[in-house]
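K.L.:
structure for the following, please:
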Amino acid sequence: MFVLGVESATPVASVAVAGQGGILAERMVLNRRTHSVNLLPMLKAVLEESEIDRRKLTGIAVSGGPGSFTGLRIGMSTAKALAWVWGLPVVGISTLTALAHPLAGSGGLVCPILNARKNEVYTAIYDCQGEVANCIQGPAAVGPSRLAEIILEFKRPVTLLGDGVPVYGAQLRDALGSMARLAPQAASFPRGAAVAELGLAALREGRGIAPSALQPEYIRPSEAELTWLRKNCPGG
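P.N.:
Predicted coordinates:
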């Protein structure tokens, strides 16, 4: 089995190919170009570098959110279009789970936080004692103060990571004290390799779906949706 993984839910674009032997190729970039410009050349490159003919692919895994509304749409549209043309199943992978996945087996709590703006973060809490990052709280969009309250209820140290750390890390450390640990910056970027590896496991379990059935996990409505609701449901 071989799976193509696509990550575009944050400013980082990352793609990878994973097989039963591990990660065969991965590319990651954080620049000013949009994901719509970066993704297709990166996808072509990882397929060439992994020396996997696309006809050997078992499926395509894509980050399903939460994250940037634009980034999610670009990644999902790309994955769905390729899956439809190539006749492959797809699987959506939580962006938060993909962030926590590399720390599975670390033995503690892991809390990915993505900057949701409006003084909120997209977050969840994972127990990483076993080989799989097990989600025990969330996902949700909450303010950093509320997140600190939730973490303190577990009475266990927690490792924070993600693009919300540079924005809210100091506030969370003040609230959590010695309970807070910060992951290295290299671990704070969502990776196509994690999406591909999690997608491989999902496809083995028969959780692949048709491209038309794939939907993003926004958690919070977009600004466009909120504007529509305000105009059309003034009493709501």
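K.L.:
ok, the closest residue to Val195 other than its chain neighbours - contacts?
P.N.:
Sequence neighbours aside, Gly5 is the residue nearest to Val195 in space, at 3.7 Å (criterion: Cβ to Cβ, 6 or more residues apart in numbering). C-beta coordinates here come from the backbone N, C-alpha and C atoms, glycine included. With contact taken as Cβ atoms under 8 Å, 6 or more residues apart in numbering, Gly5 is in contact with 14-18, 60-62, 93, 192-199.
K.L.:
and what of Met179?
P.N.:
151-152, 156-158.
K.L.:
contacting residues around the residue minimising distance to the centre of the chain?
P.N.:
Nearest residue to the geometric centre of the chain (Cα atoms, centre = their mean): Thr95, 1.5 Å. Thr95 makes contacts with 7, 9-10, 63-67, 112, 114, 122, 190, as judged by Cβ under 8 Å, 6+ apart.
K.L.:
kindly report the same for Leu57.
P.N.:
By Cβ under 8 Å, 6+ apart, the neighbours of Leu57 are 2-4, 86, 88.
K.L.:
of those, grab the buried ones for ChimeraX.
P.N.:
Of those, the buried ones go into a single ChimeraX selection, burial set by 16 or more other Cβ atoms under 10 Å:
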select :2,3,4,88
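K.L.:
roughly how far does Arg204 sit from Met1?
P.N.:
Using Cβ to Cβ, to the nearest Å, Arg204 is found at 7 Å from Met1.
K.L.:
quickly find the element holding Ser145.
P.N.:
Under the criterion of DSSP states H and E, Ser145 resides in helix 144-154.
K.L.:
contacts for that helix next, please.
P.N.:
109, 111, 113, 119, 121, 123, 125, 137, 142, 158, 168, 171-172, 175-176, 179-180.
K.L.:
narrow those residues to those that are buried.
P.N.:
109, 111, 113, 121, 123, 125, 137, 142, 158, 168, 172, 175-176, 179-180.
K.L.:
strands - which of those land there?
P.N.:
109, 111, 113, 121, 123, 125, 137, 142, 158, 180 (DSSP state E).
K.L.:
which residues does the nearest residue to the fifth one once chain neighbours are set aside contact?
P.N.:
By that I understand Thr123. In this structure, Thr123 finds its nearest non-sequential neighbour in Ile113, 4.7 Å apart by Cβ to Cβ, 6+ apart. Going by Cβ under 8 Å, 6+ apart, Ile113 touches 121-123, 147, 160-162, 164-165, 168, 172.
K.L.:
a markdown table for those, including pLDDT and distance to Leu30?
P.N.:
A markdown table is the format used below for the contacts of Ile113 (pLDDT from 0 to 100; distance: Cβ to Cβ, whole Å):
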| residue | pLDDT | distance to Leu30 |
| --- | --- | --- |
| Val121 | 96 | 19 |
| Tyr122 | 97 | 18 |
| Thr123 | 97 | 21 |
| Leu147 | 96 | 25 |
| Leu160 | 97 | 20 |
| Leu161 | 96 | 16 |
| Gly162 | 95 | 14 |
| Gly164 | 94 | 16 |
| Val165 | 94 | 15 |
| Tyr168 | 95 | 19 |
| Leu172 | 95 | 23 |
